[in-house]
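1. Output the structure for:
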Amino acid sequence: VNPSIFTDFSIEPFWNDLPVPFLRTKLGALKTFSAPHMIVNLLHHLEIHQRQKILLIGSKSGYFGALLDGMVGEGGMISIIEPHEEVKSFTEIKIGKYKSMGEIKIFSDSHDMIDYFGEIEYDRVIISGSISQIPPGVEDLIIDGGFLIAPIGGPIQQRLIKREKQGKVYKQKR
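-> Take a look at the predicted model:
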């Protein structure tokens, strides 16, 4: 997947293993997608298989969603929740230029997603940005044997966690 599809900025930082800016918001914030080493780390821990259903919370311009789409392939599904309206609009435009292998849908929040699909469970849930704790209800969207990956922590330091659902129990891996 060509990363230049998902940004209007230079992708030079990408080749130097740095985050790539993709959007400057109306308020002046610079939004980025992750550096290659972080993307590879996430993909390694996700244990992706063809035809899986994946929920990505935080679009990061759609680049990571496009990578996942290529991995799950035909019959797979990527749902993206992007609450920031400017980022969501940007992502929709960029995903529209990408030739999807499976199905990619973008939603503003989980309510929109449930209204569209009804109740749905995912093989994998990825939270793409730093959070202090896993939001309530997110783990309920995971199938038995599926898991969630999220960077837990603050703006300076996070710890990548992986929680596997085994029945009604979640086992945390490091």
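
2. roughly how far out does the lengthiest strand in the chain sit from the chain middle?
-> Counting by DSSP state E, the longest strand found in the chain is strand 142-153. Relative to its chain's centre, strand 142-153 lies at 12 Å (C-alpha atoms, centre = their mean, to the nearest Å).

3. Check stretch 87-102 too.
-> Centre-to-centre, stretch 87-102 and its host chain are 13 Å apart (C-alpha atoms, centre = their mean).

4. show me what contacts residue 34?
-> 19, 42, 60, 64, 128 (C-beta atoms under 8 Å, 6 or more residues apart in numbering). All C-beta spots, glycine's among them, are computed from the backbone N, C-alpha and C.

5. In CSV, list those residues along with distance to residue 28 and neighbour count.
-> Converted to CSV, the contacts of residue 34 look like this (distance: C-beta to C-beta, whole Å; neighbours: other C-beta atoms under 10 Å):
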residue, distance to residue 28, neighbour count
19, 17, 16
42, 28, 19
60, 19, 23
64, 24, 24
128, 21, 22
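
6. what two of those are the furthest from one another?
-> Farthest pair in these (C-beta to C-beta) is 19 and 42. Separation: 13.3 Å.

7. Can you give me the distance of the residue nearest the centre of the chain to residue 65?
-> Computing the C-alpha centroid of the chain and ranking residues by C-alpha atoms, centre = their mean puts residue 56 first, at 3.1 Å. Distance, residue 56 to residue 65, by C-beta to C-beta, to the nearest Å: 5 Å.

8. Check which residues of stretch 20-31 are buried.
-> 20-23, 31 (16 or more other C-beta atoms under 10 Å).

9. what does it rub up against?
-> So stretch 20-31 is contacted by 3, 6-9, 11, 13-14, 32-33, 35, 60-61, 63, 84, 86-87, 90, 94 (C-beta under 8 Å, 6+ apart).

10. That one: end-to-end distance?
-> With C-alpha to C-alpha, to the nearest Å as the measure, stretch 20-31 spans 8 Å from end to end.

11. Mean confidence (pLDDT) on it, please.
-> The average pLDDT within stretch 20-31 is 95.

12. and the residue nearest to residue 102 when sequence neighbours are not counted, backbone torsions?
-> Counting by C-beta to C-beta, 6 or more residues apart in numbering, residue 102 lies nearest to residue 76, which is 3.8 Å off, once chain neighbours are set aside. Dihedral pair for residue 76: phi -90, psi 170, per degrees, to the nearest 10.

13. can you tell me which residues contact residue 76?
-> Residue 76 neighbours (C-beta under 8 Å, 6+ apart): 50-54, 69, 101-103.

14. of those, closest to residue 134?
-> Nearest to residue 134, judged by C-beta to C-beta, of the contacts of residue 76 is residue 54 at 16.6 Å.
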